[in-house]
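> Need coordinates for the below:
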Amino acid sequence: MRVRLLVAAGLTLTSLALAGCTSHKPGECDTTDDCKQQPDYANDVCVNKKCVECGADTDCKAGFVCQSQMCVPKPECSGPADCGAGKKCEAGKCVTAGCTTNADCPGGKCLSGACRAADACNADTDCTGGQTCQAGTCAAAPQCKLETIHFAFNEAQLDDAAQSTLKSDAECIQQRHLSVELQGNADERGTEEYNLHLGERRAASAKKYLQSMGVDASKMKTLSYGKERPVNPGHDEAAWSENRRVDVVEK
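The predicted structure follows:
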């Protein structure tokens with residue numbers, strides 16, 4: 001009996017000794033499993049023998065990173081490269097960068113004291129390469145078109161509509177630095193010789209008006225086709241009114 005008691009006592013002491021070797025103070029650990037066995041630290045990981053919220057970003061849930069062994073919301077940025085043109089990183093957030101010149105805005109431009117994208121604009125003067133400012137962005141300007149003018153029967157004088165059209169043509173010629181041909185035309189009535197002369201007078205009227213709008217005379221050539229080139233082959237007033245014209249043609 002005595003022997004049995006001694007053996008039992010020995011086993012008990014051995015168990016206590018082993019238990020003493022593996023016990024930890026609250027928050028202390030050798031492995032993460034040691035933390036899981038402590039109710040107050042069950043969700044922690046073991047880092048440097050201490051149970052902490054995290055030791056690396058992978059210990060945190062999506063959208064969070066590990067800072068000072070705590071999971072915190074992931075910042076929007078950590079440096080300028082994370083924000084793109086026209087912005088800078090402040091306190092983990094991308095904000096519009098202040099500036100005085102374009103040199104202050106790598107990859108962008110300085111507009112009204114703020115860095116913005118390279119193609120941003122407030123006015124046409126903020127754009128280059130023939131572009132214009134459209135809805136705050138520099139874009140290729142819509143290409144203007146030259147328009148035909150028309151005349152009353154047997155007339156070479158310009159009415160208000162023709163003058164308005166030629167004014168737009170003048171702006172287009174100057175904008176695009178064009179050379180043009182002013183082609184005078186007449187309807188089918190009258191002789192060939194008369195209509196050639198009428199076409200010449202109509203082309204000359206157009207040239208004179210374009211010159212008054214600032215178009216260089218050397219950029220314009222006049223000629224007459226008379227009644228040889230109708231755009232409408234009809235034989236009524238509707239057709240004739242279309243054929244009494246000067247075509248302003250890019251050359």
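
> Run through the chain and note the low-pLDDT ranges.
1-22, 85-86, 97 (pLDDT under 70).

> how about the helices in it?
2-22, 32-36, 160-176, 192-212, 237-243 (DSSP state H).

> which one of these has the most crowded surroundings?
helix 192-212 (a mean of 19; mean count of other C-beta atoms under 10 Å). Using the backbone N, CA and C atoms, a C-beta is placed for each residue, glycine as well.

> which strands and helices sit next to that helix?
Applying 3 or more C-beta pairs under 8 Å, 6 or more residues apart in numbering; DSSP states H and E, we find helix 192-212 packed against helix 160-176, strand 180-185, strand 220-226, strand 245-250.

> what does the domain assignment say about the protein?
Listed domain ranges for the chain are 25-74, 80-140, 149-250 (source: automatic domain parsing).

> from those domains, which stretch is densest packed?
Of the domains of the chain, the one with the most neighbours on average (mean count of other C-beta under 10 Å) is domain 149-250, at a mean of 17.

> Endpoints of that domain, how far apart?
The first residue of domain 149-250 is 15 Å away from its last residue (C-alpha to C-alpha, to the nearest Å).

> ranges for the strands of the stretch 51-200 of the chain?
Listed in chain order, the strands of the stretch 51-200 of the chain (DSSP state E, counting those that start in this stretch) span 64-67, 70-73, 87-90, 93-96, 108-111, 114-117, 131-134, 137-140, 149-150, 180-185.

> I'd like those strands as CSV, with distance to residue 245 appended.
Output for the strands of the stretch 51-200 of the chain, formatted as CSV (distance: least, C-beta to C-beta, whole Å):
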stretch, distance to residue 245
strand 64-67, 73
strand 70-73, 71
strand 87-90, 55
strand 93-96, 54
strand 108-111, 46
strand 114-117, 46
strand 131-134, 31
strand 137-140, 31
strand 149-150, 5
strand 180-185, 5
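
> Would you tell me which of the helices of the chain gets closest to residue 54?
helix 32-36 (11.2 Å; C-beta to C-beta).
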